[in-house]
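Trainee: the following comprises the amino acid sequence and a computationally predicted model.
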Amino acid sequence: MVVFSKFKNRYSDMMLKIGIVGCGAIASFISKMVVKKKINAKIVAYYDKNIHKAEKLSKITNAEVCSSVDNLVEKDIDLVVEAASVKAVEEIAIKALSNNKDILIMSVGAFVDKELFLKLYNLAKEKGRKIYLPSGAVAGIDAIKSLALGKIEEVILKTTKPVEGLKEALENKGVDPNKIKEPTVVFEGDVFDAIKQFPSNINVSVMLSIASEFPAKVVIIADPKIKTNNHEIFVKSSIGTLKVLVKNVPCEENPKTSALAAYSAIRIIKDISEPIEIGT
Ligand SMILES: NC(=O)C1=CN([C@@H]2O[C@H](COP(=O)(O)OP(=O)(O)OC[C@H]3O[C@@H](n4cnc5c(N)ncnc54)[C@H](O)[C@@H]3O)[C@@H](O)[C@H]2O)C=CC1
Ligand SMILES: O=C([O-])CC(=O)C(=O)O
């Protein structure tokens, strides 16, 4: 709504300084939105274990390329964005929070480890910093958080992705993706095994479990015919039931990742720097 966006812009005067760790598909989306001035933020620094990826984004935003996570968290930054991998979360988050930075975590799958969750929770509390977990590639997190205030009885996630997006994880499981000629269930189990076997594909299952405070049942289907990453969510609770389906366009740079995931990070960054919060 034009009138409303004008109203909001009058108040959005806080320029958020960002450092990004992991310069792949999501970082690339964020960088382009910053350059287009769609969000009131400035990217100050990048770090990627592959320096060429950081250099590529630095050409777009002129941000500094750092030599390590330590180097990045020492910069004048308000928010560190983790867009690297589940394995990388612990180091990045601890260093960011210890250096008094807020952190936005994309690889939410790391929080399947309860000890890590508590460690970061306590560190953020001690330092007076925030950990932001975007809804990522799914919808309905707002309502699910509210449903969790009642009694949750069941949480199910059915994810269907093109075979291409699941290729790496399938190969790691010893499954030949080229042999999949029709929709095939490639995983059925709990959230803990799901993220272990598909660490770059099913962060959303951990997000759902955190939001609902209930371990999700997960089904993953590889479909050679579809073009979108589909996530169907079912939550049953004493407050009501919820069914949500999203059909996401995958990122060109990384077909495992849905564009919605990147936009959800961008949306959080935008919300942080504005005085009004919309939704739950
Ligand atoms: N929460 C959600 O809904 C979603 C989460 N994700 C997760 O977000 C993360 C980023 O996604 P994309 O940008 O699509 O990945 P990507 O694979 O396109 O880029 C990741 C980048 O991080 C770098 N990297 C990996 N480990 C690193 C480390 N330890 N230190 C520094 N750099 C490191 C890689 O070199 C690569 O350039 C992934 O973990 C992905 O699984 C992706 C989609 C949805
Ligand atoms: O982007 C998606 O559709 C979901 C995804 O990769 C993840 O949750 O890790």
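Mentor: Structure received. Ligands and ions are numbered 1, 2, ... in the order given.
Trainee: touching the host helix or strand of residue 56 from outside, list them.
Mentor: Using DSSP states H and E, residue 56 sits within helix 51-61. Contact partners of helix 51-61, identified using Cβ atoms under 8 Å, 6 or more residues apart in numbering, comprise 20, 23-24, 27-28, 31-32, 34-35, 43, 46-48, 63-66. Every residue, glycine included, has its C-beta placed from N, CA and C.
Trainee: that one vs ligand 1: in contact?
Mentor: Yes - counting by Cβ under 6 Å from any ligand atom, ligand 1 has neighbours in helix 51-61: residue 53.
Trainee: next helix or strand past that helix?
Mentor: strand 64-65.
Trainee: that next one: what's the following helix or strand?
Mentor: Following strand 64-65 in sequence, per DSSP H and E, is helix 69-73.
Trainee: can you give me the mean pLDDT across that next one?
Mentor: Averaging pLDDT along helix 69-73 yields 98.
Trainee: from the middle of its chain, how far away would the helix holding residue 56 be?
Mentor: A distance of 21 Å separates the centroid of the chain from that of helix 51-61, by Cα atoms, centre = their mean, to the nearest Å.
Trainee: buried set for that helix?
Mentor: 53, 54, 56, 57, 58, 61 (16 or more other Cβ atoms under 10 Å).
Trainee: tell me which of those is nearest to ligand 2?
Mentor: residue 53 (18.2 Å; Cβ to the nearest ligand atom).
Trainee: now that closest one: how far from residue 105?
Mentor: 19 Å (Cβ to Cβ, to the nearest Å).
Trainee: residue ranges with poor pLDDT in the protein?
Mentor: Counting by pLDDT under 70, the chain contains low-confidence ranges at 1-13, 280.
Trainee: helix, strand or coil for the residue of the stretch 1-150 of the chain found nearest ligand 2?
Mentor: Taking Cβ to the nearest ligand atom, ligand 2 has its nearest neighbour within the stretch 1-150 of the chain at residue 137, 3.3 Å off. Here residue 137 is recorded as coil under DSSP: H, G, I helix; E, B strand; the rest coil.
Trainee: wait, what's in contact with it?
Mentor: 203, 204, 229, 231, 246, 248, 257, 258, 260, 261, 264.
Trainee: dump the residue contacts of residue 241.
Mentor: 234, 235.
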